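Undergrad: sharing a model that was predicted from the sequence below.
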Amino acid sequence: MLQKKSKITTLDVFVLLALLGALVYVVYQVKVKLNYNWQWGIIPQYLFRYDAESGKWVSNYLIHGLLTTLRLSFWGTLLATILGTVMGLLRVSKSLFHKMLARSYVELMRNLPPLVIIFIFYFFISDQIMPIIGLDDFLRSSSAGTQRLFETLFSPPQFASAFISALFTLAIFEGAYITEIVRAGIESVEKGQWEASHALGLSKYHSMRHIILPQAMQRLLPALAGQFISLIKDSAIVSVISIQELSYQGTQLMASTYLTIEIWITITALYLVMTLTFSLGVGKLEAYMAKSQA
């Protein structure tokens, strides 16, 4: 069934004009009432700077923070999706132990503040787990190429413990919400689909893999997209353990330059670019999946 193209209505125009009017009013209040001296010309140098030694333009503080946020979001999304999918499957299992295990995880994570979880994981992983793994010692003794690869994929080697702690915190916290999304998606598939797959002689594993999950995936994709966007925004909280992501860099620049409004508007725009790009990508994927199953 073809969807009708949206048309711009009078209400849409009115809402747009109202938003523009509100924006102009806020700018006026800041400029005139607060007597704020806008200094937008300084902001670009904190995005990119010219390196006299190499003769090239290189990234600066805000872009470094943006890249760190992207790394946290990518790996956090990957780990949270794996964890949430496994726990979601346990939530619909017939085993009481599996159900209680997944339920306990979900309730524990959803009822604890993420800030508390971050500190617990940071001090526990950094002090107990990381020395056992020996990641810091490995990175210190590794070649320059290995250290550059680790920095490209994750973080500078000197921040490895903090980055891994933040990554696991985000994955475990967001995984609890993905668990419930996966559970709801699986349970939304009609019971007749299970019965039809059993009639065809498929085992429960093959029924789940080939029949149930493909149908559930399309239904839960919008909810997953919202949760992934939430993970991108929630990554800002790891700045409390000195992860040099976008919000952390903005805080440091604000403290040193006092360009409060310009810096935070720039950071807002960078977050919007990330989240809107992801939203558009998921929308395209959702449309493709709907077209392929039509």
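TA: It's in. Since this is a predicted model, take the numbers as computed values, not measurements.

Undergrad: grab the nearest non-local neighbour of Leu231.
TA: Using CB to CB, 6 or more residues apart in numbering and skipping residues adjacent in sequence, the residue nearest Leu231 is Glu174, 4.7 Å away. C-beta coordinates here come from the backbone N, C-alpha and C atoms, glycine included.

Undergrad: which of the three states applies to the one you found?
TA: Recorded secondary structure, Glu174: helix (DSSP: H, G, I helix; E, B strand; the rest coil).

Undergrad: phi, psi for the residue sitting furthest away from the middle of the chain please.
TA: The outermost residue of the chain, judged against the average C-alpha position, is Ala199 (40.8 Å), by CA atoms, centre = their mean. Ala199 adopts backbone torsions of phi -70, psi -30, taken as degrees, to the nearest 10.

Undergrad: please report how far it lies from Leu213.
TA: Between Ala199 and Leu213 the distance, using CB to CB, to the nearest Å, works out to 19 Å.

Undergrad: ok, Leu202 next?
TA: Counting by CB to CB, the gap from Leu202 to Leu213 is 13 Å.

Undergrad: got any ranges where the protein has weak pLDDT?
TA: The chain contains residues with pLDDT under 70 at 1-6, 125-126, 292-294.

Undergrad: biggest helix in it, by residue count?
TA: helix 260-292 (DSSP state H).

Undergrad: packing partners for the one helix or strand Glu107 maps to?
TA: Taking DSSP states H and E as the definition, Glu107 sits inside helix 96-110. Under the contact definition 3 or more CB pairs under 8 Å, 6 or more residues apart in numbering; DSSP states H and E, helix 96-110 sits against helix 61-91, helix 160-187.

Undergrad: redo the ones you listed as JSON lines? Include mean neighbour count and distance to Val15.
TA: JSON lines is the format used below for those (neighbours: other CB atoms under 10 Å; distance: least, CB to CB, whole Å):
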{"stretch": "helix 61-91", "mean neighbour count": "20", "distance to Val15": "30"}
{"stretch": "helix 160-187", "mean neighbour count": "22", "distance to Val15": "30"}
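
Undergrad: dump the ones you listed to CSV, plus distance to Ser141.
TA: What follows is these, written out as CSV (distance: least, CB to CB, whole Å):
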stretch, distance to Ser141
helix 61-91, 23
helix 160-187, 13
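
Undergrad: and of the ones you listed, who's closest to Gln193?
TA: helix 160-187 (10.5 Å; CB to CB).

Undergrad: that closest one to helix 61-91, inter-axis angle?
TA: 40 degrees (axes from the mean of the first three to the mean of the last three CA atoms, to 10 degrees).

Undergrad: coming back round to it: quickly note the distance from the residue nearest to Leu231 to Val106.
TA: From Glu174 to Val106 the distance is 12 Å (CB to CB).

Undergrad: list the buried residues in stretch 210-227.
TA: By neighbour count on 16 or more other CB atoms under 10 Å, the buried set for stretch 210-227 is 211-213, 215-216, 220-221, 223-225, 227.
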